[in-house]
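*Asks:* one predicted model, sequence on top.
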Number of protein chains: 2
Amino acid sequence: MLVNNQSYRTVWMQDPSVYMINQQLLPHRFEIYESKNHLQTADAIRSMIVRGAPAIGAAGAFGIAQAASEFTGKDFDNFKIHLKKAEHVLKSARPTANDLFYGVDFVMKKTFDNFDAGIAKKYAVNAANEYADWNAELCRQIGEHGNKLIKNGQNILTHCNAGALACVDFGTALSPIRIAHYNKKNIFVYVDETRPRNQGASLTAWELAQEKINHVIIADNAAGFFMKNGKIDFVIVGADRIAMNGDVANKIGTYEKAVLAKENNIPFYVAAPLSTFDAKCSSGNEIPIEERHEDEILFMSGMDENSEIKKIRIAPIESSAKNPAFDITPAKYITGIITEKGVLNPVKEEIEGFVTG
Amino acid sequence: MLVNNQSYRTVWMQDPSVYMINQQLLPHRFEIYESKNHLQTADAIRSMIVRGAPAIGAAGAFGIAQAASEFTGKDFDNFKIHLKKAEHVLKSARPTANDLFYGVDFVMKKTFDNFDAGIAKKYAVNAANEYADWNAELCRQIGEHGNKLIKNGQNILTHCNAGALACVDFGTALSPIRIAHYNKKNIFVYVDETRPRNQGASLTAWELAQEKINHVIIADNAAGFFMKNGKIDFVIVGADRIAMNGDVANKIGTYEKAVLAKENNIPFYVAAPLSTFDAKCSSGNEIPIEERHEDEILFMSGMDENSEIKKIRIAPIESSAKNPAFDITPAKYITGIITEKGVLNPVKEEIEGFVTG
């Protein structure tokens, strides 16, 4: 992704440090956080300096590489104990993130399979880089497939941040938008601010501004208005989990946008790697919905007039809030799911063969 | 309405002062603003110490009463000039508010019709009180009719603030909720926070908390989730303007909630006095939509840890926003319009006879 006209990834390693775009400070300040060891990397995952499941997965992979790097002995058993401890610390940083487990396990396995005290470090760093590269490449492929669906001159609505910041690069929902822009298509993006955590207004808008993609932030309440008034040609969102019947769990509000898109005959696409499908879930009804802390609704964070990041209360002290973080969009509202292999259309039940682009 | 267990109106007069609940400070601080003359009343309207069309209308009516009160001469022509000046000042305070014109004209006419230098002041104050009482009574009647539609144990969703604060008392959408609560019905209210100006999270939640009506604030994005999960039995909103075919202009996001209610087979009611119907508008397509300043999206106001009201920026400095303030909900999504005369059902086209309750 471009930041200040330079190419960046969300997270990368220059042995022995892991570097991350500090997402706690966005969109107000762009700073790179340097984690000097695997413990600091675990802390960075915990404190959401890095966020977004695929990005956390890569951070976890690099964390294990750091841990391997930190080991100075020669004994395999001690090395194993050391790495197992690091595994525990890293996996505990965000206990519900599947990608984190996957990224950590990937590097652990490659390192153990190739153990040789002298060069274990090299194996580990290579494996972590391989994991990150693979992740970026998946997203790029999603972008290439999605780009074929986007016509020149279209207005696109997106919800939340399924961007490069959430991945290693490119993003999922933002990848087709990026690739369309790189292909000189003239596109315009409506960005749902995405209350309560405002990932649209903060992160998606920031990514688009950095890439110089024309966009505007709207209140989540206004998406329907723009759809009804013919201002939106295409909706694209990411996914946290997809059931085998094509029901999609994604950021709260996705279901609302999908119903409104259908009501207004606007194509509604989900962009996600195939790994997002959960073979254990036959339908969306089986996906549990995380309820997050009410303070995400009752308070807002932003930058005050002294460029300091402040938290303010926006609701009466006597009131409480309910904060479901995700919702389920039934497959019938979804035009297609854009994966790294092509576009899957759950409505037409073309499950055996992917419809490419 | 109840505030700190005492009965209040949004605006009232104790000659020569007009008193108003200072809505600039809500929900964080409850203060009564005292306007000592008609110029201060105009300023209070301008700076939104008082807001909501019916409340502004009453404030304008009281402003004219103050102006009449301030006149110490005996000559009718001079009195007329004085009152005409006050009319201009008050009507200019919020130039697009129809109710403001109506409230001011009501008191002007009654005062001129009954001019007698000695008691013009009394006529004016009486007329302003009559206007405010009439307004409160209209809202109470809307509440009585709406209450008949609300069943014991229901969960009700409302959007924005169509409450007592926007009127003189009772409110429009909140009036049936109040009356149901006064009638000991066990109800629970889901309050859309209503970005960008957050009137739900701030004003509606505050009113409900003061009345001790059980409620919870939700992100606008979550309304669809709660509807789909069977948590909402009834939706009620206010209206800014209603076309003769039953299309309703109301706060941005109303259209989204109406589509979602229909999709989930939940009754969707609009509560508004008959004066909200615009005889010049045959359909919603003719209602112009006000676009407000983008800063309402890019910034948020709230109370910081030192109990000071602060404004913070929540979006990147490079991004802009689009901010339509209202949307049009086509009549086909509306179950009924609750007026002071009964419930009008635009879908069933029972336009000649109102269906009471």
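*Replies:* Yes, it's here. Note that the coordinates shown come from a computational prediction; the quantities given were computed from them, not determined experimentally.

*Asks:* low-scoring stretches of the stretch 1-150 of chain A, by residue?
*Replies:* A:96-97, A:117-118 (pLDDT under 70).

*Asks:* need the residues of it near chain B, please.
*Replies:* Selection of the stretch 1-150 of chain A residues close to chain B by Cβ under 8 Å from any Cβ of the partner chain yields A:26-28. Just so you know, the C-beta spots here come from the backbone N, C-alpha and C atoms, and that holds for glycine as well.

*Asks:* any chance of those residues in a markdown table, plus neighbour count and secondary structure?
*Replies:* Below are the residues of the stretch 1-150 of chain A next to chain B laid out as a markdown table (neighbours: other Cβ atoms under 10 Å in any protein chain shown; DSSP: H, G, I helix; E, B strand; the rest coil):
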| residue | neighbour count | secondary structure |
| --- | --- | --- |
| A:26 | 19 | coil |
| A:27 | 25 | coil |
| A:28 | 20 | coil |
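
*Asks:* surely residue A:235 is within a strand?
*Replies:* Yes: counting by DSSP: H, G, I helix; E, B strand; the rest coil, one finds residue A:235 located in a strand.

*Asks:* who's in contact with it?
*Replies:* Residues in contact with residue A:235, defined by Cβ atoms under 8 Å, 6 or more residues apart in numbering or on different chains, are A:156-159, A:257-258, A:261, A:266-269.

*Asks:* hmm, 7 Å instead?
*Replies:* Contact partners of residue A:235, counting by Cβ atoms under 7 Å, 6 or more residues apart in numbering or on different chains, are A:157, A:257, A:261, A:266-269.

*Asks:* out of these, give me the one that has the most neighbours.
*Replies:* Neighbour tally across those (other Cβ atoms under 10 Å in any protein chain shown): the maximum, 29 neighbours, falls on residue A:257.

*Asks:* contacting residues around the helix or strand containing that one?
*Replies:* For residue A:257, the element it lies in under DSSP states H and E is helix A:254-263. Contact with helix A:254-263 is made by A:157, A:159, A:223-224, A:227, A:235, A:237, A:268, A:327-329, A:333-334, B:221, B:224-225, B:228, B:256, B:259-260, B:263, as judged by Cβ under 7 Å, 6+ apart.

*Asks:* please, a ChimeraX command that selects the buried ones among those residues?
*Replies:* With 16 or more other Cβ atoms under 10 Å in any protein chain shown as the criterion, this ChimeraX line picks the buried residues out of the contacts of helix A:254-263:
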select /A:157,159,223,224,227,235,237,268,327,328,329,333,334 /B:221,224,225,228,256,259,260,263
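
*Asks:* what about the contacts of helix A:254-263, which are in strands?
*Replies:* A:157, A:235, A:237, A:268, A:327-329 (DSSP state E).

*Asks:* those: which two are farthest apart?
*Replies:* Using Cβ to Cβ, the two most remote members of the ones in strands among the contacts of helix A:254-263 are A:157 and A:328, lying 19.4 Å apart.

*Asks:* same for the longest helix along chain A, what does it pack against?
*Replies:* In chain A, with assignment by DSSP state H, the single longest helix is helix A:120-147. The contact analysis (3 or more Cβ pairs under 7 Å, 6 or more residues apart in numbering or on different chains; DSSP states H and E) places helix A:120-147 against strand A:11-14, helix A:53-70, helix A:98-113, helix A:174-182, strand A:336-339.

*Asks:* try 10 Å
*Replies:* Judged by 3 or more Cβ pairs under 10 Å, 6 or more residues apart in numbering or on different chains; DSSP states H and E, helix A:120-147 is in contact with strand A:11-14, helix A:53-70, helix A:76-91, helix A:98-113, helix A:174-182, strand A:268-271, strand A:336-339, strand A:342-344.

*Asks:* please name whichever of the ones you listed is nearest to residue B:280.
*Replies:* Residue B:280 lies closest, by Cβ to Cβ, to one member of those: strand A:268-271, at 37.2 Å.

*Asks:* just the CA atoms of the closest one, as CSV, please.
*Replies:* Provided in CSV are the C-alpha atoms of strand A:268-271 (Å, rounded to 0.1, in the frame of the first residue of the first chain):
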residue,chain,number,x,y,z
PHE,A,268,-23.6,-6.7,-3.1
TYR,A,269,-20.2,-8.5,-3.0
VAL,A,270,-18.2,-10.0,-0.1
ALA,A,271,-14.4,-10.3,-0.6
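
*Asks:* what are the buried residues along stretch A:135-149?
*Replies:* Residues of stretch A:135-149 classed as buried: A:135-136, A:138-147, A:149 (neighbour count, 16+ other Cβ under 10 Å).

*Asks:* ok so, going back, let me know which of the helices and strands packed on helix A:120-147 is tucked in deepest.
*Replies:* helix A:53-70 (a mean of 29; mean count of other Cβ atoms under 10 Å in any protein chain shown).

*Asks:* contact partners for the closest residue to chain B within the stretch 101-250 of chain A?
*Replies:* Residue nearest to chain B within the stretch 101-250 of chain A: residue A:221 (2.8 Å; Cβ to the nearest Cβ). The contact partners of residue A:221, by Cβ atoms under 10 Å, 6 or more residues apart in numbering or on different chains, come to A:192-193, A:195, A:256, B:159-160, B:192-196, B:220-221, B:223, B:251-257, B:324, B:327.

*Asks:* equivalent analysis for residue A:177, please.
*Replies:* Contacts for residue A:177 (Cβ under 10 Å, 6+ apart) come out as A:143, A:146-147, A:150, A:156, A:158, A:163, A:170-171, A:185, A:187, A:189, A:204, A:207-208, A:211, A:213, A:215, A:234, A:236, A:271.

*Asks:* rerun at 8 Å
*Replies:* With contacts defined as Cβ under 8 Å, 6+ apart, residue A:177 is in contact with A:146, A:150, A:156, A:158, A:187, A:189, A:208, A:213, A:236.

*Asks:* neighbours of the second one, just the number please.
*Replies:* When neighbours are defined as other Cβ under 10 Å, residue A:150 has 21 of them.

*Asks:* what's stretch A:130-140 in contact with?
*Replies:* Applying Cβ under 8 Å, 6+ apart, the external contacts of stretch A:130-140 come out as A:9, A:11-12, A:54, A:57-58, A:61-62, A:103, A:106-107, A:110, A:164, A:167-172, A:175, A:179, A:273, A:340.

*Asks:* alright, that wraps it up for me.
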